[in-house]
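okay, sequence plus prediction incoming.
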Amino acid sequence: MSRLFPLLSATLLIPAVTAVPLQLFVAPDGSDNNNGTSPSSPLATPQAALAQAQIVRRPLPAGGIEINFRAGLYFVGNTVELTWRDGGDGPGAPLVLQTYPPDLKQGHRAVLSGGMRIEGFKLDASHPGRWWASIPPGTAPFSQLFTTGVGNGQGQRRQRARIPNAQPADPTGRGMGDESTFQWDMPLAPCAQGTCPEEDKLGFVFGAGQLNSSWAWDRAQVLVFHAWTAWWSDVKTVVQSNSTLLFQEASRTPVGQFAKQGGQRYFIENVLEGLDEAGEWYWDPSASVLTLIPAPGDELASFAPVAAQVPTILRICGSNNVRIRDMGFAHAAAGVFSAPSVYFPPQAAVEASNATDLAIEGCSVVHCGASGVRFFLNSLPSFFLYFCCFVLAILWVLPSVLWQTGYTWECTGWSLNSGISAERPRRGRHFDSG
């Protein structure tokens with residue numbers, strides 16, 4: 001028996017074998033023709049990396065898959081989708097999207113951008129002090145323009161041409177106080193005992209000398225402050241004879257419903273007559289031209305701002321065991337915000353639904369047109385969930401059809417999500433979104 005103990009001791013000293021994740025690599029100067037399996041042959045886009053991960057995951061490596069992004073800006077072009085085809089296989093084999101650790105140690109990170117870089121600015125010969133650049137055909141309407149920072153892709157937001165200008169003395173510090181806005185004069189029709197007619201959802205009467213009907217109103221937008229909300233809308237027209245401004249679409253709340261007569265604030269953006277301060281810009285969609293007044297420090301030859309194009313940069317739909325580490329997300333577009341039933345854009349830069357064991361760690365979300373991170377929660381009765389699961393079980397006999405068509409039920413109305421919840425990302429926290 002005495003000979004058994006040395007053998008047991010030796011057995012106990014054998015270290016546990018740790019599963020090693022399969023590594024994929026992406027770089028801003030990479031190519032989607034590479035296989036992405038080494039730092040010397042990186043892919044170029046997150047979409048190609050996820051497609052490659054689907055190939056190498058059959059079967060899924062024991063330690064999961066790590067997609068390493070070299071530091072820099074990645075213009076995604078379209079929303080990056082993680083669906084039921086992606087994800088890991090338990091906590092020990094997750095799918096990881098992360099900044100390449102050696103780059104992170106040097107203080108740099110990868111940033112997924114929902115924007116489009118605008119280059120090729122020229123001097124405006126007819127308007128000294130202005131620059132202009134052509135916008136590529138097919139560019140989505142945008143209301144945000146950013147410079148890119150050094151090393152982190154963040155930079156600063158540039159102000160759209162607006163009337164009136166934001167004033168330094170504005171006590172709010174955000175260009176929305178009384179000093180930086182107009183006040184409409186009255187609703188289109190009188191309100192009686194706190195009730196306003198439907199006509200008051202169509203516009204308002206502005207004060208004397210505030211606006212001019214000769215301006216290019218077909219490209220302008222108005223922000224109207226109600227009591228607790230703000231309403232963005234395209235401007236339909238301005239009629240000088242009766243000093244009225246009309247919205248392109250009716251507001252959900254009548255102007256004046258919760259306001260003292262002669263008193264709520266508003267301002268106008270993307271009107272050429274408001275292009276009068278350094279750093280401001282104006283976009284003419286009919287001519288596909290961006291015009292701006294450079295800010296101090298801008299260099300004509302190298303100036304290349306980013307126009308926000310994609311409202312949601314990353315969407316995680318039904319993908320489990322996912323880790324997003326030390327990544328940046330920037331330049332998410334505002335999307336469509338003039339719908340009659342929407343006061344705040346419904347989308348976020350990062351969204352998740354029906355995802356379990358999801359961790360977002362050490363990430364930053366900046367320059368959002370709407371929310372930063374949004375998680376959708378199930379809130380339907382259990383009998384409905386059981387019914388839907390039964391239907392999905394029947395549909396599952398057609399996996400080849402679902403695969404070929406690319407139909408992902410988690411991202412549609414079948415996601416069983418009717419409630420919405422948003423939380424700030426916190427380092428080291430795990431979120432179950434569904």
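Happy to help now that I have it.

only C-alpha atoms for contact and neighbour calcs from this point on.
Noted.

what ranges of the protein fall below the confidence cut-off?
Scanning the chain for pLDDT under 70 picks out 1-18, 149-154, 172-173, 259-263, 335-346, 377-434.

quickly list the domain ranges of it.
19-114+310-431, 122-307 (automatic domain parsing).

would you reformat the ones you listed as TSV and include mean neighbour count?
Output for those, formatted as TSV (neighbours: other CA atoms under 10 Å):
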stretch	mean neighbour count
domain 19-114+310-431	19
domain 122-307	18
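
can you give the strand pairings for the longest strand seen in the chain, parallel or anti for each?
For the chain, the strand reaching the highest residue count under DSSP state E is reported as strand 230-239. According to DSSP bridges, strand 230-239 forms sheet pairs with strand 221-225 (antiparallel), strand 244-247 (antiparallel).

any chance of those in JSON lines, with distance to Leu43 too?
Formatted as JSON lines, the strands paired with strand 230-239 follow (distance: least, CA to CA, whole Å):
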{"stretch": "strand 221-225", "distance to Leu43": "40"}
{"stretch": "strand 244-247", "distance to Leu43": "46"}
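
so which of these gets nearest Phe258?
Comparing the strands paired with strand 230-239 by their distance to Phe258 (CA to CA), the top pick is strand 221-225, with 10.4 Å.

which residues are contacting the closest one?
Residues outside strand 221-225 that contact it (CA atoms under 8 Å, 6 or more residues apart in numbering) are 230-235, 264-271.

about what we covered before: between the strands paired with strand 230-239, which one is nearest to Pro137?
Of all the strands paired with strand 230-239, it is strand 221-225 that lies closest to Pro137, at 21.6 Å by CA to CA.

which secondary structure element contains Gln52?
Gln52 is part of helix 46-56, with elements assigned from DSSP states H and E.

tell me which strands and helices that helix is in contact with?
Counting contacts by 3 or more CA pairs under 8 Å, 6 or more residues apart in numbering; DSSP states H and E, helix 46-56 is packed against strand 22-26, strand 80-82.

returning to what we had before: alpha carbons only: can I get the longest strand of the chain in PDB?
This file holds the C-alpha atoms of strand 230-239, laid out as PDB (Å, rounded to 0.1, in the frame of the first residue of the first chain):
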ATOM      1  CA  ALA A 230     -38.800  67.600 -27.500                       C
ATOM      2  CA  TRP A 231     -40.200  67.100 -31.100                       C
ATOM      3  CA  TRP A 232     -37.900  66.900 -34.100                       C
ATOM      4  CA  SER A 233     -39.500  67.300 -37.500                       C
ATOM      5  CA  ASP A 234     -38.700  68.200 -41.100                       C
ATOM      6  CA  VAL A 235     -40.100  71.600 -42.000                       C
ATOM      7  CA  LYS A 236     -42.900  71.500 -44.500                       C
ATOM      8  CA  THR A 237     -43.100  75.200 -45.200                       C
ATOM      9  CA  VAL A 238     -43.000  78.700 -43.700                       C
ATOM     10  CA  VAL A 239     -45.700  81.200 -44.600                       C
END
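
touching that strand from outside, list them.
Residues beyond strand 230-239 that count as contacts (CA under 8 Å, 6+ apart) turn out to be 211-213, 217-225, 244-249, 251, 337-338, 343.

do stretch 81-96 as well
21, 47, 50, 53-54, 60-67, 314-325, 357, 408, 410-411.

ok, stretch 135-147 next?
For stretch 135-147, the external contacting residues (CA under 8 Å, 6+ apart) are 118, 154-160, 285, 288-290, 304-309, 331, 333-334, 369.

so which of those residues sit within strands?
Using DSSP E, the subset of the contacts of stretch 135-147 located in strands is 157-158, 289-290, 306-308.

farthest-apart pair in the residues you listed, please.
Of all pairs drawn from the ones in strands among the contacts of stretch 135-147, the widest gap by CA to CA lies between Arg157 and Val289 and measures 19.0 Å.

ok, Ala304 touching Arg117?
Yes: with contact taken as CA atoms under 8 Å, Ala304 and Arg117 are classed as touching, separated by 6.1 Å.
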